[in-house]
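A.B. asks: Here you go, sequence then predicted model.
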Amino acid sequence: MPSGPGGLVGRLAARFQSGTWEYNYLVRVKTSITLPKELLGRLDRVDKNRSALLERAARAYLIQWERQARDLRDIAIIDRAADRLNREALDTLDYQQRP
């Protein structure tokens with residue numbers, strides 16, 4: 001059994017170090033995209049490895065998008081319960097002001 005970074009043991013170690021036993025991040029799917037030349041130049045100034053840069057950018061974008069979606073769901077839940085929560089807060093304040 002190969003045990004180098006590309007072998008089975010290396011892949012398992014990478015999965016263990018990430019703290020999860022999810023899909024192996026070492027597996028990549030080749031794809032092709034078309035971008036403006038100006039954007040490619042700017043990307044190349046940041047990192048010569050376009051694939052790694054675009055992967056990091058996509059992951060960061062998805063984290064932000066997922067956080068935004070979660071926040072919107074939370075706001076909707078709070079909005080649905082706002083009247084009840086406000087009544088409870090006023091009741092608590094009234095109770096605290098009693099001698």
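C.D. replies: Looks like it came in fine.
A.B. asks: so is residue 28 in a helix, a strand, or just coil?
C.D. replies: Here residue 28 takes the coil state, with states given by DSSP: H, G, I helix; E, B strand; the rest coil.
A.B. asks: list the contacts for it?
C.D. replies: Neighbouring residues of residue 28 by Cβ atoms under 8 Å, 6 or more residues apart in numbering: residue 51. Bear in mind the C-beta positions are built from the backbone N, C-alpha and C, glycine included.
A.B. asks: per-residue confidence at it?
C.D. replies: Note on residue 28: pLDDT of 79.
A.B. asks: before we move on, what about residue 1?
C.D. replies: On the pLDDT scale, residue 1 gets 40.
A.B. asks: Same check on residue 39?
C.D. replies: Per-residue pLDDT puts residue 39 at 96.
A.B. asks: From residue 46, how far out is it?
C.D. replies: Per Cβ to Cβ, to the nearest Å, residue 39 is found 11 Å from residue 46.
A.B. asks: just residue 58 next, same as before
C.D. replies: The value you get for residue 58 to residue 46, if Cβ to Cβ is used, is 14 Å.
A.B. asks: Scan the protein for its longest helix.
C.D. replies: helix 50-97 (DSSP state H).
A.B. asks: chain center to that one: distance?
C.D. replies: With Cα atoms, centre = their mean, to the nearest Å as the basis, helix 50-97 stands 15 Å off its chain's centre.
A.B. asks: Show me what that helix is packed up against.
C.D. replies: Counting contacts by 3 or more Cβ pairs under 8 Å, 6 or more residues apart in numbering; DSSP states H and E, helix 50-97 packs against helix 37-46.
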